[in-house]
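Undergrad: just need the structure, nothing else, for what follows:
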Amino acid sequence: MSARRTARRMLAAAAISLIAHAALLGGSWLMPPEPPPPLPTLTARLQPLPPQPAAKPAVPQRQRVASASPSNAIVSTAPVVPDIAPAPAAQPAAPPITAEPVVTASAAPTAFRMPEAPPMPSFPRKGQITYQLTMGPDQTPVGRTVQTWEFDGTQYRLGSQSESTGMIEMFRPHRYHYLSQGTLSDQGLRPERFLASIKRGSRTEESIAVFDWTEHKVRLGRLPQQTTVELPANSQDVVSFMYQLALAPPAPGRIRFPFTRGARLDIVSFDVLPPEPIDTPLGRLLTIPVIQVRERDNESLAVWLATDYRNLPVRIRFYNRNGEVSGEQLVGEIRVSDR
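TA: Residues are numbered from 1 along each chain as shown. Below you'll find the predicted structure:
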């Protein structure tokens, strides 16, 4: 009997050992490893280049500011060296710092100089500005606006698209689409075709302006009604005039030029005010305010040009026919490229 009991105990021990080894090899009791955290989105901030010494030849610099999030930024600079030189040793990353929302860009801003022709070789070939869109005097957030530009040789293309979001989008969607196309002349932007499409709720209005600089005529108006009128020199549309100001910022004082939103052509006056700082999601920016002189029963607008960012429009404010603020676009991000 004792021999049988001993044999049974040995068989039971062997079975338990076999089950334990099978579970260990199968790994069914192990928890799967936690997935790695997602990599942060990299953006870049547009910053002015440091001044170069006058007595020594300038050393080409490449500057980049990258951040993993709006609250962390890493700053690094590296000189451009000949191909025969050994690769520079990696520099340790600077400690994280607290920063405002960043501007993304591929080139540092420079003081704009009016070249001969075409008039803006130093201006970024492509770019995009994203704005926060608000409505009313209380600046209620309602959506966003994206403006884009592209200069290709002697041609330009400017676009602006505003779209509502949230509750406004559900009950009364708004869409503002503008497109300006034309050529680059010694005087700057010369529009040839301007399209405007405005949707408020279920109602949509479309306008078009076709500029004939040879015959000095412009055909414009809300579709399907069109009229042809005389085309004065230096005429601009509601989008091209902002970038015309960026290319050649006016001195303080009053300026006048022909201006169209697509429906009609008016001679519009603007007051160029002394520089003033404004607060934006990108921080405090020094700007040149360009304010349209209000006329009775007419809508108007105002533009703030950032002096440290190639005079790009960083705030655009709209006024209704009573002179009250009806909407505003405030910069949230800038991207530029020379490719």
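
Undergrad: going by C-alpha atoms from here, please, whenever you check contacts or count neighbours.
TA: Noted.

Undergrad: show me where the stretch 201-339 of the chain has its strands.
TA: In the stretch 201-339 of the chain, the segments counted as strands under DSSP state E, counting those that start in this stretch are 203-212, 217-222, 227-230, 236-237, 253-260, 265-272, 276-280, 283-292, 300-306, 312-319, 325-337.

Undergrad: can I get those strands in TSV with mean neighbour count and distance to Ala196?
TA: Below are the strands of the stretch 201-339 of the chain laid out as TSV (neighbours: other C-alpha atoms under 10 Å; distance: least, C-alpha to C-alpha, whole Å):
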stretch	mean neighbour count	distance to Ala196
strand 203-212	18	5
strand 217-222	20	9
strand 227-230	13	16
strand 236-237	24	10
strand 253-260	16	11
strand 265-272	17	14
strand 276-280	14	28
strand 283-292	20	20
strand 300-306	23	16
strand 312-319	22	16
strand 325-337	21	17
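
Undergrad: and of the ones you listed, who's closest to Thr165?
TA: strand 325-337 (14.3 Å; C-alpha to C-alpha).

Undergrad: the bottom helix or strand of this protein by mean pLDDT?
TA: strand 72-79 (a mean of 34; mean pLDDT, DSSP states H and E).

Undergrad: end-to-end on stretch 181-194?
TA: Using C-alpha to C-alpha, to the nearest Å, the end-to-end distance of stretch 181-194 comes to 6 Å.

Undergrad: offset the numbering so it begins at 351, please.
TA: That works, and once the first residue is 351, the last one we named lands at stretch 531-544.

Undergrad: what does it contact?
TA: Residues outside stretch 531-544 that contact it (C-alpha atoms under 8 Å, 6 or more residues apart in numbering) are 466-470, 504-508, 528-530, 558-563, 584-587, 590, 593-594, 597, 612.

Undergrad: how about it: buried residues?
TA: Buried residues in stretch 531-544, counted by 16 or more other C-alpha atoms under 10 Å: 531-534, 538-544.

Undergrad: next one: stretch 484-494
TA: Buried, per 16+ other C-alpha under 10 Å, within stretch 484-494: 484-486, 491-494.

Undergrad: still on that earlier bit, now render the buried residues of stretch 531-544 as a markdown table, adding secondary structure.
TA: Below are the buried residues of stretch 531-544 laid out as a markdown table (DSSP: H, G, I helix; E, B strand; the rest coil):
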| residue | secondary structure |
| --- | --- |
| Gln531 | strand |
| Gly532 | strand |
| Thr533 | strand |
| Leu534 | strand |
| Gly538 | strand |
| Leu539 | strand |
| Arg540 | strand |
| Pro541 | strand |
| Glu542 | strand |
| Arg543 | strand |
| Phe544 | strand |
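
Undergrad: and these, which two are furthest apart?
TA: Longest span within the buried residues of stretch 531-544, C-alpha to C-alpha: Gly538 and Phe544, 16.4 Å.

Undergrad: out of the strands of the stretch 551-689 of the chain, flag the one nearest Glu513.
TA: strand 675-687 (11.6 Å).

Undergrad: which other helices and strands contact the closest one?
TA: strand 476-485, strand 626-630, strand 662-669 (3 or more C-alpha pairs under 8 Å, 6 or more residues apart in numbering; DSSP states H and E).

Undergrad: for the ones you listed, give me TSV that also has distance to Glu645.
TA: Listed next are the helices and strands packed on strand 675-687 as TSV, based on distance: least, C-alpha to C-alpha, whole Å:
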stretch	distance to Glu645
strand 476-485	21
strand 626-630	24
strand 662-669	11
